[in-house]
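kindly generate the corresponding structure for this input.
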Amino acid sequence: MYNPIIMKQQVKSIIWGLAILALGVIFGGKALGLFNFDIFFKGWWTLFIIVPGVVGLITDKHKFGNLFTIAIGVILLLAMQGVFDWNVAWKVLIAAVLILAGLSLIFKSIFQRNLAEEIEKEVKKSRKGVKVDSLVAIFSGSDRVYNKEEFEGADITAVFGGAELDLSQAIFKKDTVIKAFCMFGGIDIIVPDDVRVKTKSGFIFGGTSDDRKVISDKTKCTIYVDAAGGFGGVTIKDSKN
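All right, here's what the predicted structure looks like:
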């Protein structure tokens, strides 16, 4: 059965494998005198910032965080190469942050409009007369485990902290909504294999990721995840992670 999560992991492994292979060939060729150039150019260490950003840009669903990483690496490399001095470098970096943040909000607003409307309708429909759970983690951690209990929805907030909502043993009788906000923090949501997950992300330099290893073709209900924040993320997991 085709699994996009496994496929993404395989592509990422192949790209990293090729990068490490190329590095080995370069080192070996230089040691044997086959190459006559110095691989340790001025600012070579910035490649450890740029290359992971490029790999993430190819394989990850959310691009703007990786674009930010690449921008940092390129700006540092140009400063090391003397294209501009360090007084200019930090100003260029701030400009890059503002530009990418603005583009992120614009593109997310355009391309997630239909999903945003779907989730908004689901919020109004599914939260009438139901028990909505609440998790708050501010400079701390917060965990909630559902053990054969019915799940009807949740609001999760993580600010400089982390929260985990374990729904792997929860009972689902209908579609539900999880509203998640995190700023400089992280939220993990563990879901069973037979539940569909739809996410809307409104992050600045962050986002949502689905790291489940197994996604069943036979789904009973849908969890709508409405996530927002900055410099943080929401991760969908299964019990096998």
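
hmm, Lys131 is touching Glu149, no?
No: using C-beta atoms under 8 Å as the test, Lys131 is too far from Glu149 to be in contact (10.0 Å). Placement of C-beta: from N, CA and C, glycine included.

hang on, isn't Asp166 packed against Ile190?
Yes: counting by C-beta under 8 Å, Asp166 sits close enough to Ile190 to count as a contact (4.6 Å).

pick out whichever of the two has more residues nearby.
Ile190 (21 against 17; other C-beta atoms under 10 Å).

quick one, what contacts the more buried one?
Glu164, Leu165, Asp166, Leu167, Ser168, Lys237, Asp238, Ser239, Asn241 (C-beta atoms under 8 Å, 6 or more residues apart in numbering).

could you pull out the buried residues of the helix or strand hosting the third one?
Using DSSP states H and E, the secondary-structure element containing Asp166 is strand 162-171. Within strand 162-171, the residues that count as buried by 16 or more other C-beta atoms under 10 Å are Gly162, Ala163, Glu164, Leu165, Asp166, Leu167, Ser168, Ala170.

tell me the secondary structure for the residue sitting furthest away from the middle of the chain?
The C-alpha centroid of the chain is most remote from Gly33, which lies 42.7 Å away (C-alpha atoms, centre = their mean). Classification of Gly33 using DSSP: H, G, I helix; E, B strand; the rest coil returns coil.

gap between it and Phe41?
19 Å (C-beta to C-beta, to the nearest Å).

repeat for Ile26
For Ile26, the distance to Phe41 - C-beta to C-beta - is 12 Å.

what do you get for Lys200?
Distance from Lys200 to Phe41, by C-beta to C-beta: 43 Å.

the lowest-mean-pLDDT helix or strand in the chain: what's the following helix or strand?
Every helix and strand of the chain was ranked by mean pLDDT, DSSP states H and E. The lowest is helix 113-126, at a mean of 61. Later in the chain than helix 113-126, the nearest helix or strand by DSSP H and E is strand 133-138.
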